[in-house]
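**Q** sequence-free structure coming up:
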């Protein structure tokens, strides 16, 4: 691969939020292109799974120049928003990278009528998991793209991301989902990562692409769940051999909702994760027995962030110049600290807030984590984290 060809294959996405730009994995000849502010430095790998830690830390972004796979769009819905639904369907139906659009009308009050799509209607509401499975069973293509009916628009950049699913190890991905007027509880932020149980433990089902073979291998969505069915599916899909990726290079827009509705949804997401902790392999769900050790919990992630940054830089020491190593260390540490601050608020926000009323140390730790979270994400997103924590611990308390 010549230097000129290498530069043509590289595309830096500044929306990723990193100061140095991401690393880009290019499957051609197994080349890994490390972008650290100067010319690409590349080295060979045949297995992106070897770089899980870099991908999870948000400094490696997979890239593919493969052909776009055939795509079936499945939209489960019940009483969709009339002002945007028809436009969404027509946009998808006329997109050159979409082979078919399947709408599963899950017992809407009035039967859905829309052109350029196959419509399946249930006379009785079966739930989102069953509706998605129905659409998947009628589909004929190699990639299933599940889209909620209250999505307003889908970024065309998503087409490029779907090429990643031609790689045998990457079996699921989700773009960034935002709302036009304010932060969304579905927004997982600007930094790419993978579902690894440490940086991220789910992908939202609002816009979710899955390799058909892997979807069928795990039996699709759990139809007995009315909440958290996407969390359950992603955790069954992930394994040491398969990757699920959060890819904010594509941005989709969700229908605007009142603040109270968004806070309730954030709490419901937390409740669903807590409810599923005995059913899935989730590793980020705290237990009630963890409560006495919250002081250690607030300090350990920051120490872990430092060690992770040093460890990842050490792995790259023979492949980066000294200047690149320094810049990569700064980026890794920055990413880790911000991620851990948000993690503390989301996972332990409620018990820490209550404990801070009687403990000065916990009050300082909670305040520090909250301030970092506010500066990093903004006050509204921090409210979502706190609402998520409320739902999470409510589910734990009710089940213990």
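**A** Cool, the structure landed. Computed from a predicted model, the values in this text were never measured in an experiment.
**Q** how about the nearest residue to residue 157 once chain neighbours are set aside, what does it touch?
**A** In space, residue 157 comes closest to residue 250 once its chain neighbours are excluded; the distance is 4.1 Å by C-beta to C-beta, 6 or more residues apart in numbering. Bear in mind the C-beta positions are built from the backbone N, C-alpha and C, glycine included. By C-beta atoms under 8 Å, 6 or more residues apart in numbering, residue 250 lies in contact with 155, 157, 158, 160, 161, 175, 176.
**Q** hmm, try it at 7 Å
**A** By C-beta atoms under 7 Å, 6 or more residues apart in numbering, the contact list for residue 250 reads 155, 157, 158, 161, 175, 176.
**Q** Same check on residue 125?
**A** Here residue 125 is in contact with 78, 106, 107 (criterion: C-beta under 7 Å, 6+ apart).
**Q** ok, the first one - contacts?
**A** In other words, residue 78. With C-beta under 7 Å, 6+ apart, residue 78 has these contacts: 106, 107, 108, 125.
**Q** Would you mind giving both backbone torsions of the last one?
**A** This points to residue 125. Reported as degrees, to the nearest 10, the phi and psi values for residue 125 are phi -70, psi 120.
**Q** Could you report the distance from it to residue 146?
**A** Between residue 125 and residue 146 the distance is 18 Å, computed by C-beta to C-beta, to the nearest Å.
**Q** Tell me which stretches of the stretch 1-150 of the chain form strands.
**A** In the stretch 1-150 of the chain, the strands defined using DSSP state E, counting those that start in this stretch lie at 23-26, 31-34, 41-44, 60-62, 71-77, 100-106, 118-122, 143-147.
**Q** Let me fix that, I meant to ask about the stretch 201-350 of the chain.
**A** Using DSSP E, counting those that start in this stretch, strands in the stretch 201-350 of the chain cover 207-211, 243-254.
**Q** so residue 208 makes contact with residue 177?
**A** No. In this structure residue 208 lies outside contact range of residue 177 using C-beta atoms under 7 Å: 9.9 Å.
**Q** related to what we said a few turns ago, so which of the contacts of residue 125 is the closest to residue 350?
**A** Nearest to residue 350 among the contacts of residue 125 is residue 78, at 31.6 Å by C-beta to C-beta.
**Q** Okay, now the unreliable bits of the chain?
**A** 1-47, 57-59, 65, 197-199, 278, 280-341, 343, 400 (pLDDT under 70).
**Q** quick revisit: can you pick the most crowded of the contacts of residue 78?
**A** Of all the contacts of residue 78, the most densely surrounded is residue 106 (24 neighbours; neighbours counted as other C-beta atoms under 10 Å).
**Q** I'd say that one and residue 126 touch.
**A** Yes. Contact criterion C-beta under 7 Å: residue 106 and residue 126 qualify, at 6.0 Å.
**Q** mind listing the helices for the stretch 151-300 of the chain?
**A** Using DSSP state H, counting those that start in this stretch, the helices of the stretch 151-300 of the chain run over 158-162, 212-217, 229-237, 259-275, 294-315.
**Q** Phi and psi next, for the residue of the chain positioned farthest from its centre.
**A** Ranked by distance from the centre of the chain (C-alpha atoms, centre = their mean), the top residue is residue 358, with 35.8 Å. Note on residue 358: backbone dihedrals following degrees, to the nearest 10 are phi -120, psi -10.
**Q** and residue 362, backbone torsions?
**A** Dihedral angles (degrees, to the nearest 10) for residue 362: phi -70, psi -30.
**Q** what number of residues lie near residue 150?
**A** Residue 150 has 16 nearby residues by other C-beta under 10 Å.
**Q** and it, what does it touch?
**A** 80, 81, 254, 255.
**Q** can you rerun that using 10 Å?
**A** Residues near residue 150 by C-beta atoms under 10 Å, 6 or more residues apart in numbering: 77, 80, 81, 84, 85, 88, 206, 254, 255, 256, 257.
**Q** how far out from the middle of the chain is stretch 202-216?
**A** Remark: stretch 202-216 is offset 11 Å from the chain centroid, using C-alpha atoms, centre = their mean, to the nearest Å.
**Q** what about it, how long is it end to end?
**A** 19 Å (C-alpha to C-alpha, to the nearest Å).
**Q** Okay, buried residues for it please.
**A** Neighbour counts using 16 or more other C-beta atoms under 10 Å place 202-212, 214-215 of stretch 202-216 among the buried residues.
**Q** Quick check: of those, which lies closest to residue 277?
**A** residue 202 (12.0 Å).
**Q** ok, now how distant is the closest one from residue 258?
**A** When residue 202 is compared with residue 258 (using C-beta to C-beta), they lie 24 Å apart.
**Q** repeat for residue 240
**A** 42 Å.
**Q** For residue 106 and residue 126, list the residues in contact with both.
**A** Common neighbours of residue 106 and residue 126 (C-beta under 10 Å, 6+ apart) are 76, 78, 134.
**Q** For residue 195, see how far away the second one is.
**A** Right, the one you point to is residue 78. 28 Å.
**Q** do the first one as well
**A** Distance check for residue 76 against residue 195: by C-beta to C-beta, it reads 22 Å.
**Q** out of the two, which sits in the busier spot?
**A** Neighbour totals were compared for residue 76 and residue 195, and residue 76 leads with 28 against 24 (other C-beta under 10 Å).
**Q** you'd agree the more buried one is up against residue 121?
**A** No. Taking contacts as C-beta atoms under 10 Å, residue 76 lies outside contact range of residue 121: 11.8 Å.
**Q** returning to that earlier point: spatially, which two of the contacts of residue 78 are the most separated?
**A** So, the contacts of residue 78 by C-beta to C-beta: farthest apart are 108 and 125, at 9.2 Å.
**Q** Tell me how many other residues surround the residue nearest to residue 111 when sequence neighbours are not counted.
**A** In this structure, residue 111 finds its nearest non-sequential neighbour in residue 121, 6.0 Å apart by C-beta to C-beta, 6+ apart. By other C-beta under 10 Å, the residues close to residue 121 number 12.
**Q** Next, the contact list for residue 242, please.
**A** Residue 242 neighbours (C-beta under 10 Å, 6+ apart): 49, 168, 169, 170, 171, 172, 195, 211, 214, 217, 218.
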